[in-house]
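[1] give the three-dimensional model of this entry:
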Amino acid sequence: QVQLVESGGGLVQPGGSLRLSCTASGSIFRIDEMGWYRQAPGKEREFVAAISWSGGNTYYADSVKGRFTISRDSAKNTVSLQMNSLKPEDTAVYSCNARGIKSSRVRFDGWGQGTQVTVSS
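    Residues are numbered from 1 along each chain as shown. Here you go, the predicted structure:
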């Protein structure tokens, strides 16, 4: 099994910053991509950002471009999301996603438990 553990959520004022981290562990042969999604109350889950593990290519939703930065530490199987200039509309539960291949050579597509980010004055 593959486990994803997130950290770093919390309450921040508009204009503030937060950093989320997610570490993947378990029977992992290879990670292909890790990313972040979010779901606000009453809304569908939406893509936020992703990073390819081999080349480090990054992808962002238009709503967060220029404010959020995704990065990875391949040695630690960890992805981070630096969130700056936060807005109230960024309030949501943020979930980590990882895709790759398990030690059994079966593909996996796993999710973390989610961490709450609240932007409010």
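[2] contacts for stretch 59-66, please.
    Residues lying outside stretch 59-66 but in contact with it, judged by C-beta atoms under 8 Å, 6 or more residues apart in numbering, are 35, 46-51, 68, 70, 83, 89-90. Placement of C-beta: from N, CA and C, glycine included.
[3] wait, what's in contact with the residue nearest the centre of the chain?
    For the chain, residue 36 is the residue whose C-alpha lies nearest the centre (C-alpha atoms, centre = their mean; 2.8 Å). Applying C-beta under 8 Å, 6+ apart, we find residue 36 in contact with 20, 22, 48-50, 70, 79, 81, 94-97.
[4] turn those residues into JSON lines, columns for secondary structure and distance to residue 13.
    Formatted as JSON lines, the contacts of residue 36 follow (DSSP: H, G, I helix; E, B strand; the rest coil; distance: C-beta to C-beta, whole Å):
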{"residue": "20", "secondary structure": "strand", "distance to residue 13": "17"}
{"residue": "22", "secondary structure": "strand", "distance to residue 13": "24"}
{"residue": "48", "secondary structure": "strand", "distance to residue 13": "20"}
{"residue": "49", "secondary structure": "strand", "distance to residue 13": "22"}
{"residue": "50", "secondary structure": "strand", "distance to residue 13": "27"}
{"residue": "70", "secondary structure": "strand", "distance to residue 13": "23"}
{"residue": "79", "secondary structure": "strand", "distance to residue 13": "25"}
{"residue": "81", "secondary structure": "strand", "distance to residue 13": "18"}
{"residue": "94", "secondary structure": "strand", "distance to residue 13": "18"}
{"residue": "95", "secondary structure": "strand", "distance to residue 13": "23"}
{"residue": "96", "secondary structure": "strand", "distance to residue 13": "24"}
{"residue": "97", "secondary structure": "strand", "distance to residue 13": "28"}
